[in-house]
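1. heads up, no residue letters with this:
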């Protein structure tokens, strides 16, 4: 169980990365999987930030005036993206021996939990969220 919000996503990501790191001795391909997830989450953060800023600029140009509230929103988006990127960079820089102290409830995440975490995180991806639209078209 984790608390809500962006912190929830980061806790789930930590738990999944912990599971992958813990089982790399059993399956060497998990090293690649771990690196892939980190890279994908970093890319997603960058893409979400660019999309949000672009949509705000489009709204501003259509309204003709620039509101201080929009500047705060852009600042909040950038701050959230930087905190996510900082988290992912800290994971990348962490060596295997240091990662054992960075773990969150390593004994509680097993294969079934890892599968559930992967499904949940995948459901939050843009393609999964718009899958019904693709099917109806």
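-> Cool, got the structure. It should be emphasised that the depicted structure is a prediction, and the values quoted were computed from it without experimental measurement.
2. what residues are up against the residue nearest the centre of the chain?
-> Residue closest to the mean C-alpha point of the chain, counted by CA atoms, centre = their mean, is residue 41 at 4.4 Å. By CB atoms under 8 Å, 6 or more residues apart in numbering, the contact list for residue 41 reads 13, 84, 88. All C-beta atoms are positioned from the backbone trio N, CA, C, and that covers glycine.
3. Could you check how far the second one is from residue 23?
-> This means residue 84. Using CB to CB, to the nearest Å, one obtains 25 Å as the distance from residue 84 to residue 23.
4. So which of the two has more stuff around it?
-> residue 84 (21 against 15; other CB atoms under 10 Å).
5. hang on, isn't the more buried one packed against residue 43?
-> No. Using CB atoms under 8 Å, residue 84 is not in contact with residue 43, being 11.4 Å away.
6. where does this structure dip in pLDDT?
-> Counting by pLDDT under 70, the low-confidence segments of the chain come to 1-6, 60-72, 95-108, 128-129.
7. try it again with 90
-> The model of the chain has pLDDT under 90 over residues 1-11, 13-15, 17-31, 44-45, 47-85, 87-137.
8. mind listing what's buried in the lengthiest helix in it?
-> Scanning the chain for the helix with the most residues, using DSSP state H, yields helix 29-63. Neighbour-count burial for helix 29-63, with 16 or more other CB atoms under 10 Å as criterion, is recorded at 30, 33-34, 37-38, 41-42, 45, 49, 52, 56.
9. Also stretch 15-25?
-> The neighbour-count check on stretch 15-25 (16+ other CB under 10 Å) flags 15-22 as buried.
10. Counting by contacts, list what the helix or strand where residue 80 lies packs against.
-> Secondary structure assigned from DSSP states H and E places residue 80 in helix 68-93. Packing partners of helix 68-93 (3 or more CB pairs under 8 Å, 6 or more residues apart in numbering; DSSP states H and E): helix 6-22, helix 29-63.
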